[in-house]
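>>> sequence? don't have it. structure:
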């Protein structure tokens, strides 16, 4: 049986993951609006990953005898100054996700909740990857610094990203 305080934080995380998906969809819409469809595609895949994270948290809460709860989701930002600020904001967002996951892990450690600790290890590893990916994209965007050819090539590359559902490997 899951402890109420841990269940509460996991439910907060479910809703934050939904907000994350919503945010990445908004970023994708911005990219589509400036004809960077490859970047838009990449961000839509990012949104799908966040939705898959929702499913993982949801299923874990159910498996532990808890109940997922959903709250109102705040509207995400709509506009950005540039493609670079989109990815810088994405990086900052992932740092916030990491902090929230770490907070849940800290509570799980304090409560000796080994099942939640084991479950969260996947997310901790995932966040290392998420932060590194956004950081890399920011560096690449800075390297091309608005160059038409570089931007065109990177946009084409971003369009090749494929969604892999982490819930299929369970």
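Thanks, I have the structure now. Keep in mind it's a predicted model, so treat the numbers as computed, not measured.
>>> packing partners of the host helix or strand of residue 15?
Counting by DSSP states H and E, the element that carries residue 15 is helix 4-33. On a contact count with 3 or more C-beta pairs under 8 Å, 6 or more residues apart in numbering; DSSP states H and E, helix 4-33 meets helix 37-63, helix 83-110. Any C-beta I mention is one placed from the backbone N, CA and C, and that applies to glycine too.
>>> give the buried residues for that helix.
6-7, 9-28, 30-31 (16 or more other C-beta atoms under 10 Å).
>>> show me the shaky parts of this protein.
In the predicted model, the chain carries pLDDT under 70 at residues 146, 169-170.
>>> report the central residue of this protein.
Nearest residue to the geometric centre of the chain (C-alpha atoms, centre = their mean): residue 50, 4.7 Å.
>>> distance of residue 156 relative to residue 134?
20 Å (C-beta to C-beta, to the nearest Å).
>>> surely residue 166 and residue 52 touch.
Yes - contact criterion C-beta atoms under 8 Å: residue 166 and residue 52 qualify, at 5.4 Å.
>>> for residue 69, which three-state class applies?
coil (DSSP: H, G, I helix; E, B strand; the rest coil).
>>> count of neighbours near it?
By other C-beta atoms under 10 Å, the residues close to residue 69 number 13.
>>> ok, and the closest non-adjacent residue to it?
Leaving out its chain neighbours, the residue that sits closest to residue 69 by C-beta to C-beta, 6 or more residues apart in numbering is residue 11, at 4.8 Å.
>>> give me the neighbour count for residue 62.
As a burial measure, residue 62 scores 12 neighbours (other C-beta under 10 Å).
>>> with adjacent residues omitted, what lies nearest to it?
Nearest to residue 62 is residue 68, by C-beta to C-beta, 6+ apart, at 7.0 Å.
>>> what sits against that neighbour?
11, 14, 57-58, 61-62 (C-beta atoms under 8 Å, 6 or more residues apart in numbering).
>>> how close does residue 165 sit to residue 44?
For residue 165, the distance to residue 44 - C-beta to C-beta - is 14 Å.
>>> with neighbour numbers in mind, choose between those two.
Taking neighbours as other C-beta under 10 Å, residue 165 and residue 44 compare with residue 44 leading, 20 against 12.
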